[in-house]
Each structure stands twice: as structure tokens, then as C-alpha cells.
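Peer 1: Okay, predicted coordinates and the sequence, questions at the end:
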There are 2 protein chains.
Amino acid sequence: MADKKPLILVCNDDGITAPGIRHLVETMNELGEVVVVAPDGPQSGMGHAITINGILRCDEIKIEEGPQTEYSCTGTPVDCVKLAVNVVLDRKPDLVVSGINHGSNSSINVIYSGTMSAAVEGSLEGIPSIGFSLSDFSWEANFKPAQKYIKEIAAKTLKEGLPYGTCLNVNIPKHTGEEYKGVKVCRQAKANWEEEFDSRTDPRGRNYYWLTGKFVDYDKGQDTDEWALANYYISVVPVNSDITAHHLINELNDWDL
Amino acid sequence: MADKKPLILVCNDDGITAPGIRHLVETMNELGEVVVVAPDGPQSGMGHAITINGILRCDEIKIEEGPQTEYSCTGTPVDCVKLAVNVVLDRKPDLVVSGINHGSNSSINVIYSGTMSAAVEGSLEGIPSIGFSLSDFSWEANFKPAQKYIKEIAAKTLKEGLPYGTCLNVNIPKHTGEEYKGVKVCRQAKANWEEEFDSRTDPRGRNYYWLTGKFVDYDKGQDTDEWALANYYISVVPVNSDITAHHLINELNDWDL
């Protein structure tokens, strides 16, 4: 075909039936030919984990009506991208989109996020890739007002491309009923989780723990994703898979190791 | 005590009984008071995964003789560091060391590695942190010739410290019998895995896959970790938990999103 539609791979970490990915599929159907390869269940907080000591399944499935093709996979979000590119698809996708995550992946959350790791993996396959997240954990979250921004960012990324090994981390504030103020290109805020493990005793008298904690933003900058989200902007952070701290190389050379 | 020993937290991703962590414990016992908080089984390739939908166990255990205290945990390497800092230890460690990994974590492997994610997590707790890996998957790998380098890098890191959110990725070539050539401070090589999924059929006729692949180094630079390892140097790459692609921010602003 002279006018071939772009091929768009859709993944997430909340599982293939999550409302967030359903909204993303609906939006991407307007931009290209959509293939969904996503986890069969929740894979939140899986970071860049891959399955090396076990097997993977990946089966075609019909989740809902629409022109998209869909595959449900065991394994992590990163496994899904690898399976999609190497097993499922017969040509390289033009775009990888991941999400829409139920919950923010701004700031340091980017490194724990399965949603964002799928996008990073796409970038390592040489495909322009974007992770989308909404700062709303609710299963009934209102994704609708973000759709025009998501479509625009995806269309722009399809047109412009991204350098090898880089991708976009897009976070969207929870909708308040008012129109979003717009989009801001940002850096990752310096913030962290202050953990408080919830210690309990099981029915047999053994201790166990639940990970819990509080997110603390240490960053006063107005160029961060946290600032943008707090001020009702959609944040776009470019993310690098080269995690070398280049600015420390000279200092370490002075250590005379 | 006027002359309090530094407190050193030891973690890994191959599990608490792996020979690699046993060698690291032995070496760290020469530098300080050692507490081991490590996974109860293999957690390779877990990246920065954390356990948010399940419980964690963390129990004191005696693996072998020595002055160290040891805890075996369910969960990922990152869970172990969080549990250590927030539940197990009564003061903040002066150093987190992770490994010695059975297999290289150079180049892009850093983002898949549970060993390195434990070090990154230590850096996010504000603790100077190092991941050590040996390019030898064998359970009988020869860790001994690397010990003096590991001790020196750890001692230097204890003395100099590292900026918040940064850590060191130390990779050691497989020992050939000859003396290592020394230590090189490097950047992460641009390289990737070319996956080839091994597709099989189970006894019930359903398809399944094993992830496999070949590591390909695309980087001609002589300042990379891959170059150092290929030339029999120990590589030290400073790693950043801020993964913003700062160099792309201006370009993205031109997109007029």
C-alpha cells in the first residue's frame, strides 16, 4: 500500500483488561494499525524485570471490539515488548506506547515502573516509545480529558522520532473537572519514598511485612515533573537508557583506583 | 566507641547462598561490621522490581561462620535493601555492596540487573553503594583474584563517599590465570541483546517460549566498560538514578506540545 498506516505496539503493566490500556487502544486506533501485547495480569512495580528462569506464554485474545489485534502474555511488561518485536510482529513497529498507567510514574517512580520499563525497552529496540500515566489509582479514573493530549504527543513522536535508547515519560494529573493547563517538557524531580514497613504476624505466629510508604519531593525546581503535575500541567520527561553518571567520571579518575 | 567500624550492608540477586556473595561477605568483614540482607533464592534479571501486591518475609539465618549477621528475605534485591534500611538495621549503613554477581552487568545489562538495582536503591537511601559482578556464570567461578580490587574500591568509596542518587557499577573480567591489568573508570557501552525466542510446544500442545539471545556491542569507544573488560581491566561505571535525558529537553521544547 502506498499509504501504509503506522504500526503501533501497545503495552502496559496493569494488565491487558485494565481501563487505562483500553483508553490507550481506543486513542491509538485513530493513529495507526494497533497490536496489543500486554501482561495477562497486574505487573506493577516490576521495573525492568525479565523472565529468565521460567517460560513465557503469549496467546492471541479478543478483549473487546475494535480493529486492533491483541495478545495476552505471561511475564513482565519488558517480556511483552521483547515477545512483540521478536515473535508476534512481522515488521518493526513505528511506535511503542505503554499505559495508560493507573497511578503516577513521575520522578523516581520511573525506575520502579513496569509501564515505563516497557517504553525503555521499546527505545532499546530502536523504536520511538512513550509511557503514559495518570495520577489516579482508581479503576474508574477519568482518562477521557487526557486523550487529545495523548494523541497529539503520540502523533508528534511518530513524526519527529526519538534518538536511539531514549523515550518519553508522560504523566497526567488527576482530572479535576477543569481543562488541563497544557504540556510541559520537564526533568525528573529529585524525590523518593520514605518507607514504613507494616509488620504483621501470620496465623502461625511468623512475622511478615507489607511495603508501604510516603512519597517525598525534595526538589524546589519549577522545571520538574512534580512541579508540572502539581500545577495541573501534563509533564513530558525524556528518559535515557544510558544511565552513566557522566559528570562523575572525572572525579572518579581522581580516586586513582 | 571512638573508633566505630563502618556498617556495611551486603545484598545480591543470585541468592544468599551463592558463592559470589560469600566472597563479598568475606572481603567486607575486613573493612567493617557486616550485615547481609539478601534474597532466599535466585532473583536475577529482576531489575528494579519491588513487591507491592504480596507480603515479604525477612528472617535471621546462619549461612556460614564469621562475624557477619545475616537475614534471608523473600522478595527482590530492591525489597532486601528497603527491608534492611527500614526494618533490620538500627542505624544507616555507611556502605551498600551488592554481588558479587555470577555474570557481567556491564553496558545495558545494568538496567536488567537485580544486583545493580540493589546498589541504585542504596544510593536512593543516601548511602554510597556499589554493585560488583564477575563475567563468569559458573558457580565455581574464581572470585579470589578480584578480592583485592573489590576491597580497594569499597575502601575508597567509604572514604570519599558518592553524591546522592549515584552508585558504582563494577565489572570484573573472567580470570584467565594472569594478573588483572588494573581498574578503568568508564561509561556504559552502547550495546543490546538481539533476542531469539526459543519456541516450544508443551505436552498438551500449547506453545511456550524461552527468552534467549545474543549480546551485541555497537560501541567502538575505548572509554566503555565493554572495552575495559575485553582488555582485561576491571571497569567502574558511575550510575545515575536521575535518568532524565537532559540533552533532549531543548529539542522537545521545539515540538510545541
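Peer 2: The structure has been received and is ready for your questions. Residues are numbered from 1 along each chain as shown, chains lettered A, B, ... in the order given.
Peer 1: tell me the pLDDT at A:Glu196?
Peer 2: As predicted, A:Glu196 sits at a pLDDT of 87.
Peer 1: can you pull out the strands in the stretch 101-250 of chain A?
Peer 2: Using DSSP state E, counting those that start in this stretch, the strands assigned to the stretch 101-250 of chain A run over residues A:129-134, A:166-172, A:183-185, A:191-195, A:198-201, A:207-210, A:213-217, A:234-240.
Peer 1: will you turn those strands into JSON lines that also has mean neighbour count?
Peer 2: C-beta here means a position set from N, CA and C on the backbone, and glycine is covered the same way. JSON lines is the format used below for the strands of the stretch 101-250 of chain A (neighbours: other CB atoms under 10 Å in any protein chain shown):
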{"stretch": "strand A:129-134", "mean neighbour count": "29"}
{"stretch": "strand A:166-172", "mean neighbour count": "28"}
{"stretch": "strand A:183-185", "mean neighbour count": "21"}
{"stretch": "strand A:191-195", "mean neighbour count": "17"}
{"stretch": "strand A:198-201", "mean neighbour count": "11"}
{"stretch": "strand A:207-210", "mean neighbour count": "17"}
{"stretch": "strand A:213-217", "mean neighbour count": "13"}
{"stretch": "strand A:234-240", "mean neighbour count": "25"}
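Peer 1: Ok, which of those comes nearest B:Thr17?
Peer 2: The minimum distance between B:Thr17 and those falls on strand A:207-210, with 21.6 Å, by CB to CB.
Peer 1: packing partners for that closest one?
Peer 2: Contacts of strand A:207-210 with other secondary structure elements, assessed using 3 or more CB pairs under 8 Å, 6 or more residues apart in numbering or on different chains; DSSP states H and E, are made with strand A:198-201, strand B:58-60.
Peer 1: Put the alpha carbons of it into CSV.
Peer 2: Taking C-alpha atoms only, strand A:207-210 is exported to CSV below (Å, rounded to 0.1, in the frame of the first residue of the first chain):
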residue,chain,number,x,y,z
ASN,A,207,6.4,-12.2,61.1
TYR,A,208,5.7,-10.8,57.7
TYR,A,209,5.8,-7.3,56.1
TRP,A,210,3.9,-5.1,53.7
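Peer 1: Can you name the residues that contact the closest residue to A:Val110 other than its chain neighbours?
Peer 2: Distances taken as CB to CB, 6 or more residues apart in numbering or on different chains put A:Met116 closest to A:Val110, at 4.9 Å, once the chain neighbours are dropped. For A:Met116, the set of contacting residues under the criterion of CB atoms under 8 Å, 6 or more residues apart in numbering or on different chains consists of A:98, A:105, A:110, A:131, A:133, A:167, A:169, A:239.
Peer 1: Near A:Lys62, how many other residues are there?
Peer 2: Using other CB atoms under 10 Å in any protein chain shown as the criterion, A:Lys62 is surrounded by 9 other residues.
Peer 1: what's it sitting at in phi/psi?
Peer 2: Here the main-chain torsion angles of A:Lys62 (degrees, to the nearest 10) amount to phi -110, psi 110.
Peer 1: Give the burial count for the residue nearest to it when sequence neighbours are not counted, as a bare number.
Peer 2: The shortest distance from A:Lys62 to any residue that is not its chain neighbour, by CB to CB, 6+ apart, is 6.7 Å, and that residue is A:Glu70. Around A:Glu70 sit 20 other residues, with neighbours defined as other CB under 10 Å.
Peer 1: do the same with A:Gly177
Peer 2: Neighbouring residues of A:Gly177 were enumerated by other CB under 10 Å; the total is 6.
Peer 1: What of A:Pro173?
Peer 2: Using other CB under 10 Å as the criterion, A:Pro173 is surrounded by 22 other residues.
Peer 1: Contacts only, for it.
Peer 2: A:135, A:180, A:229, A:232-234.
Peer 1: Please check those and keep the buried ones.
Peer 2: Of the members of the contacts of A:Pro173, the ones counted as buried by neighbours, 16 or more other CB atoms under 10 Å in any protein chain shown, are A:135, A:180, A:229, A:232-234.
Peer 1: got a markdown table for those, with pLDDT too?
Peer 2: Formatted as a markdown table, those follow (pLDDT from 0 to 100):
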| residue | pLDDT |
| --- | --- |
| A:Ser135 | 97 |
| A:Tyr180 | 98 |
| A:Leu229 | 98 |
| A:Tyr232 | 98 |
| A:Tyr233 | 98 |
| A:Ile234 | 98 |
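Peer 1: Pick the one among those closest to A:Ile127.
Peer 2: The shortest approach to A:Ile127 among these belongs to A:Ile234, at 22.2 Å (CB to CB).
Peer 1: who touches the closest one in this structure?
Peer 2: Taking CB under 8 Å, 6+ apart, we find A:Ile234 in contact with A:146, A:149, A:170-173, A:180, A:182-184, A:228.
Peer 1: Is A:Ala18 in contact with A:Val10, as I believe?
Peer 2: No. Contact criterion CB atoms under 8 Å: A:Ala18 and A:Val10 do not qualify, at 11.6 Å.
Peer 1: Compare these two and say which is more crowded by neighbours.
Peer 2: Taking A:Ala18 and A:Val10 together and counting by other CB under 10 Å, A:Val10 has the greater number of neighbours (28 against 22).
Peer 1: How about the secondary structure of that one?
Peer 2: Local secondary structure at A:Val10 is given as strand here, using DSSP: H, G, I helix; E, B strand; the rest coil.
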